[in-house]
Structures are given as structure tokens and as C-alpha cells.
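>>> sequence below, structure please.
(chains A and B)
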Amino acid sequence: MEFNADVIVVGSGISGAFAAHELVKQGLRVLMLDVGNDDAASRDAIPDLPFSEIIKDATLAKPIFLGHNDEGIGKRNARVGAQLTPPRQFITQDTERFLPYSSTTFSPMQSLALGGLGAGWGAVCFTFDPDELKRCGIWQPDFSSFYSEAAEIAGVSASLEDDTRDALDVDPKSVQPPLDLDDNNTSILTRYDRLRRAERGPFAMGRIPLAILSRDRDDGRRANPYFDMDFYSDARRSIFRPRYLIEQMRARSTFQYAGGHLVKSVQSGSDCAEVRTRHVDTGVDHVWRARKLIVCAGAINTGRIVLSSLGRSGTTTPILANPYHYVVCLNRNTFGRSVADRRHSMAQLLGLYRPADDPQDLVTFQMYSYRALLLFKLVKEFPLPPKLGFLFARSIVNSLSIVAVWHSCRQSTLRHAALGASTELSALPSLEFTYSIEDERQREILAREKTLRRFLRKLRLLPLKTVDTGPAGGIHYAGTLPSESEHFPAYTYSNGQVRAMPHVYIGDSASWNYLPAKGLSFTLMANAIRVARHVASTIQHGESTTTLH
Amino acid sequence: MKFLQPTDDEIARLAHQELEDYSHGRGGPIALGQIGNALIIAMCLAISPLAQLFRLSQRLVCGIQR
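Numbers count the residues shown, from 1 in each chain, chains lettered A, B, ... in the order given. Prediction:
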């Protein structure tokens, strides 16, 4: 039989890029199938200048900050993803057409972009501890080595001295020094350092580990310039994006990237895997074959593709998504003061909260400053007339601190997805989501956030408003093809292999059984390396390589 | 209170105004010290109920006329 590659990887997001990178490193021939929407023109049109310079020129600033057609202004009550800045709106392009869903309780952000949701990822890096990895169903004894490899590849900066150093347990040689804090967050960390240990209680704070370079690297990526333009552009490539790995691999003869292909189904034959795609522009169908297949289309779409391929219309499967809120606070430490322009736009401080009633069920929080997203977006949040609201925003923005709070998520019959029938020739079957939280868990979350707000007040942060974006608003999804479940069928093994498809593997979070209250992207990287290495091993020890055509 | 929040059109006008202000060097944060900024906020909150009442009556009139 003729193969297109040794391994086909579906999807170019964080998982797909890391899986493919590992396979290429192992000497295998890899084909990546992807839709791969991108907007290089908008990205490249943004000068490598600070926000404070760009904003002075209205002609230059308008397309960057508001968009050519005001798409950056957004509408109230818009879907998740509508808040993306104009140069990043390609991330959700075409998803309503090709990745349909219905739900009144769960509106996930999906992506068909080059780099997937990783194209807009906030770059926060966490390692899951062994217990969390076991609950996810992906633990193996050498998992920590995959994290260190991921840190080397992505480029991670972190503090190894702060009270939160356990949040990133990697080889110290694989990380760069932490990024500098802005004035707002420096004042918060200084205040935290001054609190007596008893006043800190179950809370720990420190500089947040980020996949952002604080030092230049040999591969052309450069240190973050503190321009506060990170939600719009990154001319120096300081923030890791999956497309950088894909660009590197495209220079190799053993890697082939096929863009514009929407995967419709996957199958496993006796000695190969088969993928059927439809080209999004031409509508032409293709069939691709390889010895093995790794599906990394994002937890929701990976579940959709595999369940649909297994003919499981109408069946329900779990969905995991971290309960997430953000608390808008006024930082009294900087209120009324000028602050320096020099800053980056991503999260700056990390908080860990181990509740007294269950210290294992960690709550995490991240602190952001606010400026480059512009003040008009804040005015929507105030029950004030526009001009008054704008004046109000201008007087508090220097001391605004946005605290994003995350809670863990476990499987439940209250949170599931049901596969429907395909409704349009060009689209995959629709998914119907149901998501609610047990009453007791909801009370627990509210009680923990109340305790957190008390701690914020000790830091001289005055909570103004808690915003509930809905359960999908955190953009952390997993668990649609679990390896273990009490209430749902198990579709995968812990090595990522699909039970009914021996040549098909899951490389993303679709196979996880649990989501701790931690950003999952760094674990996606490590897990993709783990799955790809296993797949490579099965090929190298079982079969000869193929000729690419 | 949601009906008193700015409409999408008002927000769009505000967005363009914000860019215009920046280009004329009068945009961005106000930093007048703790007392100065507290006074601005207090003024906003004091005027707010009256301004909201005015806006509500405006919207009611517009609704009736339509």
C-alpha cells in the first residue's frame, strides 16, 4: 500500500505542532492536514513600535486597534472570540460555518487557524503535578522530561525563587529569567511580600511563568520589548506561537503541510490509517493514508471527528471546561499615580490558593494590567452615560488590575456533548452542548472566590466587579474522548490510542479525564511529545519507513 | 440597570473619539494623585443618577415616537 507519510497529524495548534515536531525529530515523514487560516497581511502591517507611539497616529492606529470595518469594536453580548483584536480575528474565521454547535449553556471558542487557538494563547505555563496527571489519565514516570523539552522548544521565562515556583516544575536550565513587572504589578507583589505569613493564609503569589522570551535566542526569536502591543502583534516573535515550529519544519524535506483541508472522517484499516478531507475552497474531497494518525484538532473538534467516524450520532460524551471568572479590581497602591509605559500585555502575576477544606483542589488566579485594549471597551461595563463612563475609565485605568480566577473541572453527566447529524454538505456534524455545575460545587466556588476577594483586599486591591463569562469563556476544553469514565463510554487508552481504531491516536486534550485549575497549553505540548514518541516507537520497532509522494 | 448602559452605536462613536483624542495628545489615563482622581470618580458617580434619568427619558421618547 502507498502512503502519503509515515504519520499524518491533523491540526496545527499547540498539540499538532509539538507532535509533528517530535515525529520529524525522530526521522519520520510527516504530513500535516489543516485548514490553516491566517492573516499575515494585518500582522505584518503593524510597526515594531510601542503602543504609546502607534496610538498617536490616528491613521495608523485605526486599522490596528479598531479594524478596517470597526470589527475590533465588537458588540455587547457577542459570542466568545468576538473580543479578539483585529489582527487576531482570523483565529475564529469560518468556525461558525464548518464547526457547528448548539447550546444555551456553553459557547466554546473554536479555531481553524494556522496555530489553532494557540495563535492567540495567553502564554501562561503550568506543569501539572503527578496526581493531576494521573487524574487526567496521561501520567507516566518520565513525564517531567517532556515538560523540560517543551520549555526548551517554546522558550519559557519564569522565576525559580518566588512562592509560586512549584507551578513550573522543569529543569532550571531550560528556562530564561522572568520578565519584568510593570508598576501596577510591582506594587501588588511588594505589598504581598510585606504581608506576614499568617496574613497570606492559603495564598501564594509570584511572577507568572510565560512562554515569552526575556532574552534573545539563536533561532531569530527575540526578547519581549515591553511595547504593550502583545494583543496585536509580535514582530520579534517573543511569544511562542505554533506556526513558528511549522515554519521550521517546512524547511525539512520530511515534513509536508497541506492547508485548506477540513478533515471529515478518520478510519483505521488493518495496517494503516486513512483520513478523508474536503478542501474548503474547491470543495474537492481527498483521501490520505499513513501508517499512523495523530488527531490534534482541539478537544471539541477532535471529539467531533472521531465520534462521527465511529458512527456515534446521538450518543453523549463528556466535556471539560474550567469554571472561570474575572474580578475587576482597583489597585489602591497605584491609584491616582502615573505609571511607566514600559510593560507587556500578558498576565504578570500568578496566585495559588489551596482551600483549607481541600488543599488538593487548587484554585489559581492571574493578574493583568489594562491599557492597550483601549478604554472604550471598559465603558461598556459601567452603568454610566458614555462620556461620563469614559472619564471614569481614564481616572481608574492606571490602577486597574484584572484578576482571572480558575477552578478545576471533573467529569459529570451535567456536562456533556451530543453528536448530531450533518446538516450541510461542507460542514461536520453539529455538537449539542449541555453544561451546568452541581449546586454544591457552585456554592464551593462562590465561597472560595469570597475568600479570594478578602485576600485581594489585604493586597489593597478593591474588587469592583466579578464578571462571569460563562463556562466556555476560559477557553480551556478537554475530555470529549476519555480514557476512563464512570458515566460515559471510554474511547481511548492512556497512550492516546483510540480503542476502536488501532492506528489512530489522540494528541490533544480530548483524551483527558480531568482539568485542574491550571492553563493546559504547556501540558498539551508535553503530552503531544509523549504521544508522538510512542507512535514513533511503534513505527520504528514494527515497520519500515515509506516513500513520500 | 442594563438598559442604561451605552448602546453599540455610542460605544463605536466613543472608540473613534478615543483614537482622535490620543492623536491630539489628550487621550489616555488621568493621573492627578489620589485626591484628584477620587474627586473625578466622585463627580461621575454623583452626576450619574441624573444623567441616567435623562438618558432613560430620551430613550422612552424615542421609543414612543417610533
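
>>> what about stretch A:334-350, start to end distance?
The first residue of stretch A:334-350 is 19 Å away from its last residue (C-alpha to C-alpha, to the nearest Å).

>>> what about residue 12, neighbour count?
Looking at chain A here, since you left the chain open. 31 (other C-beta atoms under 10 Å in any protein chain shown). Using the backbone N, CA and C atoms, a C-beta is placed for each residue, glycine as well.

>>> not what I meant, chain B
Neighbour number of B:Ala12 under other C-beta under 10 Å is 17.

>>> pLDDT score for it?
For B:Ala12, the pLDDT comes out at 92.

>>> now the one 4 residues further on
Among the per-residue scores, B:His16 shows a pLDDT of 94.

>>> so who does it touch?
Applying C-beta atoms under 8 Å, 6 or more residues apart in numbering or on different chains, we find B:His16 in contact with A:Lys62, A:Leu66.

>>> how near is A:Gly470 to A:His325?
For A:Gly470, the distance to A:His325 (C-beta to C-beta, to the nearest Å) stands at 10 Å.

>>> of the two, give the one with the bigger neighbour count.
Taking neighbours as other C-beta under 10 Å, A:Gly470 and A:His325 compare with A:His325 leading, 20 against 16.

>>> check contacts around the more buried one.
A:Ala404, A:Val405, A:Glu449, A:Thr466, A:Val467, A:Asp468, A:Thr469.

>>> then A:Ile55?
Per C-beta under 8 Å, 6+ apart, neighbours of A:Ile55: A:Ala61, A:Phe65, B:Leu19, B:Tyr22, B:Ser23, B:Gly27, B:Gly28.

>>> mind checking pLDDT for the third one?
Looking at B:Leu19, its pLDDT reads 94.

>>> and for the first one?
In this prediction, A:Ala61 carries a pLDDT score of 94.

>>> just the last one next, same as before
According to the model's per-residue confidence, B:Gly28 sits at a pLDDT of 91.

>>> ok, the residue lying closest to it once chain neighbours are set aside to A:Asp234 distance?
Excluding the flanking residues, the one nearest B:Gly28 by C-beta to C-beta, 6 or more residues apart in numbering or on different chains is B:Tyr22, at 6.5 Å. Distance of B:Tyr22 to A:Asp234, given as C-beta to C-beta: 22 Å.

>>> cool, and A:His534?
33 Å.

>>> looking at these two, which one has more neighbours?
Between A:His534 and A:Asp234, counting by other C-beta under 10 Å, A:Asp234 is the more crowded of the two (23 against 17).

>>> read off the pLDDT value for that one.
94.

>>> then A:Ala78?
Here, the pLDDT recorded for A:Ala78 equals 60.

>>> with A:Thr469 instead?
So, for A:Thr469, pLDDT stands at 88.

>>> now do the longest helix seen in chain B, average pLDDT.
Across chain B, the longest stretch assigned as helix under DSSP state H is helix B:33-65. For helix B:33-65, mean pLDDT is 83.

>>> how far is the helix-or-strand element of chain A with minimal mean pLDDT from where the chain is centred?
Lowest by mean pLDDT, DSSP states H and E among the helices and strands of chain A is helix A:376-379, with a mean of 88. Computed by C-alpha atoms, centre = their mean, to the nearest Å, the chain-centroid distance of helix A:376-379 equals 25 Å.

>>> residue contacts, B:Val61?
B:Val61 neighbours (C-beta under 8 Å, 6+ apart): none.

>>> that one and B:Leu50, how far apart?
17 Å.

>>> in contact with residue 64, which residues?
I'll assume chain A. A:Ala45, A:Ile46, A:Ile54, A:Pro86, A:Pro87, A:Tyr232, A:Ser233.

>>> also A:Ala251?
Contacts of A:Ala251 (C-beta under 8 Å, 6+ apart): none.

>>> phi first, then psi, for A:Ser308.
phi -60, psi -40 (degrees, to the nearest 10).

>>> cool, and the one 5 residues further on?
Comment: the main-chain dihedrals of A:Ser313 come out as phi -60, psi 140, following degrees, to the nearest 10.

>>> tell me the contacts of the closest residue to A:Ala158 other than its chain neighbours?
Excluding the flanking residues, the one nearest A:Ala158 by C-beta to C-beta, 6+ apart is A:Pro209, at 3.6 Å. With contacts defined as C-beta under 8 Å, 6+ apart, A:Pro209 is in contact with A:Val124, A:Cys125, A:Phe126, A:Val156, A:Ser157, A:Ala158, A:Ser159, A:Ala167, A:Leu168, A:Val175, A:Pro178, A:Leu350.
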